[in-house]
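Peer 1: Mind looking at a prediction? Sequence and model below.
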Amino acid sequence: MELTSFLLLSNIQGFWPFFVVIITAFIVMIKALKAHFVDKFSKKPKPKLPPGPKPWPIIGNLPGLLANKPTHKWMHKLMKEMNTEIACIRLGNAYVIPVTCPTIASEFLRKHDATFASRSLSLCSDLISDGYSTTVLTPFGDQWKKMKKIITHDLLSPHKHIWLHDKRTEEADNLMFYVYNKCQYVNNDGVSGLVNIRSATRHYCCNLIRKIIFNSRYFGKGRMDGGPGPEEVEHVDSLFDLLKYVFAFSVYDYLPYLEGLHLDGQEKKVKETLKIIKKYHDPIVQERIKQWNDGLKVVEEDWLDVMISLRDANNNPALTSEEINAQIIELMMATVDNPSNAFEWALAEMINQPELLQRAVEELDSVVGKERFVQEYDIPKLNYVKACAREAFRLHPSAPFIPPHVAMSDIKVGNYFIPKGSQIILSRQELGRNSKVWSEPYKFKPERHLKSDGSDVVLTDPSLKLMSFSTGRRSCPGVTLGTTMTVMIFARLIHGFTWNAPPNVSTINLAESRDDTFLAEPLVVVAKPRLTHELYHL
Ligand code: HEM
């Protein structure tokens, strides 16, 4: 090859990479310009965020949040004023998207379930879940997958449900014994049989979950009448405090850089509450782990044993003691509020509409008779009682929203753009009261759930026309236990006692609490045993 041709060729070869870069940059620039101008001048409308109040720079709609408590009422009112069933409320940097329509809710949790399977981060969730080591509060990822699998397959499987049958019956019997004892009590005004339904049902739920987890109703000595001792009262109150904090819209979760200022004292309150709960739980967990390690315990008797005994693929303990402790608190929180709140509201509604109570009693008498208490095997035949429970879930859910579902990528839902990181909060209250779905939505009408062919009434609703156990990847794994507990409270108490308003009260006040979705005042009503007295004694 001649020298000049060689130089020319090597120059061209040296130029190649440069040439490729220039061409690539040119193509990218053309594409970007095209995208920009097509976007700008295209007739196709760009998907917009759902409608919402105009946000301020940086803080978004936080002033509205701070000025309008409780937050759920503010959000629902805004949506009604804007005549929308989906809204976008910007809190700091977060897009919070409340939804009140079952069709839109289904788009999120059925059609695009995989995109919305995460949870939001918050100071309170972080503390309760011990750094997101649990199930309910933990964002999508390996830890959530591990814990959800354990909860679903090792604690709440059909086999384990049967295994725990006797513990559930023992607590249902104790509930009857406790209420029966209350019937014997005459207060200072000479009124006998006054029962605080909120207290009785909350303690039943918590007794049951304590029995399932720790194989014990009481932390301390308990009470001879079947009621809670001071330890149990403190324990249950603390669980309900945690539920309150976990659903509070704390401004620090949206402006995390203010967190160190501790302005609302939430961190302190949550830590103090957790300290109370851990005072009861931790010694039991530590002692039990020791018993298993020392070979003093070899038979599984409750969920704690199951959790301690679980092994991973390398035969190491599947759960650390920190994971066990945090998961126990979360499971207790998941169990205590729904069944108790449903019965308290339903009984209040049914005392005001005695024909409903009468119909439930007739069903129970015809299925169970009057010689024994209701048992779990009666549940399939108690369609009217289940319809009452379902109606209570529809009209009076225990919380205004379900825990937030977080978008893991940008996505279009319906006609709206939902940015990655958005927090979708499905309104339990407004889904169940949506007038496009339900006639007379504010009326307590159990018969609306009865099927014309008499087929089984269930408490689940995957169509999300009412929000009970939700649907999709983050749905509740406690459907069987939750349903059993709820129906047993309804069936046992309606079958075992007559219920009336206290003397001098003509109708039960159905006002909702100012701050949450519970009845404004705990329901206190008069009970009288309906069945042979021997039955109630343990
Ligand atoms: C009547 C009783 C109950 C009702 C109405 C209920 C309702 C719910 C709802 C609405 C959710 C949120 C679902 C979502 O985010 O889409 C949930 C989640 C959950 N529930 Fe329940 N629940 C009940 C009882 C229980 C019980 C007894 C347990 C276990 C002991 C339990 C364990 C859980 C867990 C672990 C989750 C989190 C699932 C996840 O994030 O992947 N629930 N429940």
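Peer 2: Yep, that arrived. Keep in mind the model is a prediction, meaning the values are calculated, not measured.

Peer 1: Would you mark the buried spots in stretch 405-424?
Peer 2: 405-407, 411, 413, 416-418, 422-424 (16 or more other CB atoms under 10 Å). (Each C-beta comes from the backbone N, C-alpha and C, glycine too.)

Peer 1: Show me the contact partners of that stretch.
Peer 2: 46-50, 86, 88, 94-97, 99, 104, 107-109, 112, 115-120, 139-140, 404, 425-426, 474 (CB atoms under 8 Å, 6 or more residues apart in numbering).

Peer 1: closest to Arg390 among the buried residues of stretch 405-424?
Peer 2: Set against Arg390, the nearest of those by CB to CB is His405 (23.2 Å).

Peer 1: Please tell me how far that closest one sits from Leu426.
Peer 2: Distance of His405 to Leu426, computed by CB to CB, to the nearest Å: 8 Å.

Peer 1: for the stretch 101-250 of the chain, which spans come out with low pLDDT?
Peer 2: Scanning the stretch 101-250 of the chain for pLDDT under 70 picks out nothing.

Peer 1: Can you pull the residues of it lying near the ligand?
Peer 2: 135-136, 148, 151 (CB under 6 Å from any ligand atom).

Peer 1: now those residues in a markdown table, with secondary structure and neighbour count?
Peer 2: Below are these laid out as a markdown table (DSSP: H, G, I helix; E, B strand; the rest coil; neighbours: other CB atoms under 10 Å):
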| residue | secondary structure | neighbour count |
| --- | --- | --- |
| Thr135 | coil | 25 |
| Val136 | coil | 22 |
| Lys148 | helix | 17 |
| Ile151 | helix | 22 |
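
Peer 1: Same list (these) but as CSV, adding distance to Ile197.
Peer 2: Shown next, in CSV, are these (distance: CB to CB, whole Å):
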residue, distance to Ile197
Thr135, 30
Val136, 26
Lys148, 33
Ile151, 29
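
Peer 1: can you count the residues close to the closest residue to Ile308 other than its chain neighbours?
Peer 2: Distances taken as CB to CB, 6 or more residues apart in numbering put Trp292 closest to Ile308, at 5.2 Å, once the chain neighbours are dropped. Residues lying near Trp292 (other CB atoms under 10 Å) number 16.

Peer 1: Look up the residues that both of His405 and Leu426 are in contact with.
Peer 2: 108-109.

Peer 1: check contacts around the nearest residue to Asn196 once chain neighbours are set aside.
Peer 2: Distance criterion CB to CB, 6+ apart; nearest residue to Asn196, sequence neighbours excluded, is Val524 at 5.1 Å. Each residue near Val524 by CB under 8 Å, 6+ apart is listed here: 194-197, 502.

Peer 1: out of the residues you listed, which one sits closest to the ligand?
Peer 2: Nearest to the ligand among the contacts of Val524: Ile197, at 16.4 Å, using CB to the nearest ligand atom.

Peer 1: what's the closest non-adjacent residue to that closest one?
Peer 2: Excluding its sequence neighbours, the residue lying closest to Ile197 (CB to CB, 6+ apart) is Leu523, at 4.4 Å.

Peer 1: gap between the one you found and the ligand?
Peer 2: Going from Leu523 to the ligand by CB to the nearest ligand atom, to the nearest Å gives 18 Å.

Peer 1: are any of the contacts of Val524 buried, and which?
Peer 2: 194-195, 197.

Peer 1: Filter these down to just the ones in helices.
Peer 2: Ile197 (DSSP state H).

Peer 1: does the nearest residue to Asn383 once chain neighbours are set aside count as helix, strand or coil?
Peer 2: Nearest residue to Asn383, sequence neighbours excluded (CB to CB, 6+ apart): Val457, at 4.5 Å. Three-state call for Val457 (DSSP: H, G, I helix; E, B strand; the rest coil): coil.

Peer 1: quick revisit: ok, now how distant is the residue nearest to Ile197 from Gly193?
Peer 2: For Leu523, the distance to Gly193 - CB to CB - is 14 Å.

Peer 1: now His153
Peer 2: 44 Å.

Peer 1: Between these two, tell me which one has more neighbours.
Peer 2: Gly193 (22 against 12).

Peer 1: Using CSV, write out every CA atom in stretch 255-274.
Peer 2: What follows is stretch 255-274, C-alpha atoms only, in CSV (Å, rounded to 0.1, in the frame of the first residue of the first chain):
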residue,chain,number,x,y,z
LEU,A,255,-42.2,17.4,54.7
PRO,A,256,-39.7,15.0,56.3
TYR,A,257,-37.0,17.8,56.8
LEU,A,258,-39.3,19.2,59.6
GLU,A,259,-39.2,15.8,61.4
GLY,A,260,-36.4,16.8,63.8
LEU,A,261,-38.6,19.7,65.2
HIS,A,262,-41.0,17.2,66.9
LEU,A,263,-43.8,19.8,66.6
ASP,A,264,-46.8,17.5,66.9
GLY,A,265,-45.1,15.1,69.3
GLN,A,266,-46.2,12.1,67.2
GLU,A,267,-42.9,10.3,67.4
LYS,A,268,-42.9,10.6,71.2
LYS,A,269,-46.5,9.3,71.4
VAL,A,270,-45.9,6.3,69.2
LYS,A,271,-42.7,5.4,71.0
GLU,A,272,-44.4,5.6,74.4
THR,A,273,-47.3,3.5,73.1
LEU,A,274,-45.0,0.9,71.6
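
Peer 1: quick revisit: if we only consider the buried ones among the contacts of Val524, which is nearest to Val336?
Peer 2: Using CB to CB, these come closest to Val336 at Ile197, 14.4 Å.

Peer 1: Contact partners for the closest one?
Peer 2: Contacts for Ile197 (CB under 8 Å, 6+ apart) come out as 343-344, 347, 522-525.

Peer 1: For the stretch 151-300 of the chain, just list every one of the helices.
Peer 2: Counting by DSSP state H, counting those that start in this stretch, the stretch 151-300 of the chain has helices at residues 158-163, 165-184, 197-214, 230-246, 251-254, 266-293.

Peer 1: which of those is buried the deepest?
Peer 2: helix 197-214 (a mean of 24; mean count of other CB atoms under 10 Å).

Peer 1: In strands, which of the buried residues of stretch 405-424 fall?
Peer 2: Among the buried residues of stretch 405-424, DSSP state E puts 405-406, 411, 413, 416-418, 423-424 in strands.

Peer 1: thought Val487 was touching Ala389?
Peer 2: Yes - using CB atoms under 8 Å, Val487 is in contact with Ala389, at 5.9 Å.

Peer 1: which residues are common contacts for the two?
Peer 2: What both Val487 and Ala389 touch, as defined by CB under 8 Å, 6+ apart, is the set Leu459.

Peer 1: distance of the residue nearest to Glu376 when sequence neighbours are not counted from the ligand?
Peer 2: Spatially, and ignoring its direct neighbours in sequence, Glu376 is nearest to Thr484 (6.1 Å; CB to CB, 6+ apart). Using CB to the nearest ligand atom, Thr484 is found at 9 Å from the ligand.

Peer 1: Cool, thanks, signing off.
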